[in-house]
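In: Okay, predicted coordinates and the sequence, questions at the end:
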Amino acid sequence: MKRKSERRPNWAAAPPCSRRCSSSSPGVKKSRSSTSQELHHLDQQDDLYLDITAFHGYCSNKGIQIIDYTLQFFDDFKTVDLTYRLCFAILFSRPKSSSNVHYFSIDNELEYENFYADFGPLNLAMVYRYCCKINKKLKSITMMRKKIIHFTGPDQRKQANAAFLVGCYMVIYLGKTPEDAYRILMFGDAAYIPFRDAAYGSCNFFITLLDCFYAVKK
């Protein structure tokens, strides 16, 4: 799958703080000191799907590739089979749920309260709410036969926060190591901008998704 050259393959090569999505996007507060040079819009690109409940699963709008892997988690002494049921997607058009697929987004539901140009990660209360939401959907009788897809849009800051929540769920409920969760999210050409500090002016300190997953694991 082809991606634009600016979508770097890893955090170390992430764009500087001045390159970010428009702060006028839904759910992101606009800073008075933001300038047009500090805003960055993503061009239309291929949709990206990551199968969270396959050990290594990847699918795009052109097809699906999944390695057979069965994963279960235990909650309240009940076993819930998650085989290929939970996916994370970056989509550039809003999808519609169907009889066998349920789409949902938290981009405008779980929002970060910024101080300046910082945009995440989301706090532990939001991580808890997200995990409860996922577990409820996975155990819902009406969704028992549906693939559940958490999708986010083209806003790079929302992509990073959405990936953070998915990764936290993998570490907390699916027994993934921080490295495994990070590797699954980085499958294919996926890339996410790093979180930055809340200081004014240019930032000189970044926090990666992997850093966050290590913290959650502790």
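Out: Nice, thanks for sending it over.

In: can you give me the helices in this structure?
Out: Counting by DSSP state H, the chain has these helices, from start to end: 124-139, 156-172, 178-185, 209-217.

In: helices or strands next to the longest one in the packing?
Out: In this structure, helix 156-172 packs against strand 86-90, helix 124-139, strand 147-152, helix 178-185, helix 209-217, with contacts taken as 3 or more CB pairs under 8 Å, 6 or more residues apart in numbering; DSSP states H and E. Yep, even glycine has a C-beta here, placed from its N, CA and C like the rest.

In: Can you give the strand pairings for the first one, parallel or anti for each?
Out: Each strand pairing with strand 86-90, determined using DSSP bridges, is listed with its direction: strand 48-51 (antiparallel), strand 147-152 (parallel).

In: still on that earlier bit, looking at the helices and strands packed on helix 156-172, which is closest to residue 193?
Out: Of all the helices and strands packed on helix 156-172, helix 209-217 sits nearest to residue 193, with 10.0 Å by CB to CB.

In: Mind listing what's buried along the closest one?
Out: Residues 209, 210, 211, 212, 213, 216 are the ones in helix 209-217 that count as buried (16 or more other CB atoms under 10 Å).

In: now the residues you listed in TSV, with pLDDT?
Out: Below are those laid out as TSV (pLDDT from 0 to 100):
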residue	pLDDT
209	91
210	92
211	90
212	92
213	94
216	92
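
In: quick one on the thing from earlier: comparing the strands paired with strand 86-90, which yields the minimum mean pLDDT?
Out: In terms of average pLDDT, strand 48-51 trails the rest of the strands paired with strand 86-90, at a mean of 67.

In: Low-confidence stretches in this structure?
Out: For the chain, applying pLDDT under 70 flags the ranges 1-84, 112, 114-115, 117-120, 188.

In: go again using 80 as the cut-off
Out: Within the chain, the segments meeting pLDDT under 80 span 1-84, 110-120, 187-190, 196-205.

In: hang on, the earlier thing: ok, the buried residues of helix 209-217 vs residue 203, which is closest?
Out: Nearest to residue 203 out of the buried residues of helix 209-217 is residue 211 (CB to CB; 14.6 Å).

In: quick one on the thing from earlier: most neighbours per residue, which of the helices of the chain?
Out: Greatest average neighbour count among these goes to helix 156-172 (a mean of 24), per mean count of other CB atoms under 10 Å.

In: now it and strand 147-152, what's the angle there?
Out: Relative orientation of helix 156-172 versus strand 147-152 (axes from the mean of the first three to the mean of the last three CA atoms, to 10 degrees): 140 degrees.

In: what's the angle between helix 156-172 and helix 124-139?
Out: Our comparison of helix 156-172 with helix 124-139, counting by the same axes, to 10 degrees, yields an angle of 70 degrees.

In: What angle do helix 209-217 and helix 156-172 make with each other?
Out: In terms of direction (the same axes, to 10 degrees), helix 156-172 departs from helix 209-217 by 40 degrees.

In: what is the orientation angle of helix 156-172 with helix 178-185?
Out: Calculated by the same axes, to 10 degrees, helix 156-172 forms an angle of 130 degrees with helix 178-185.
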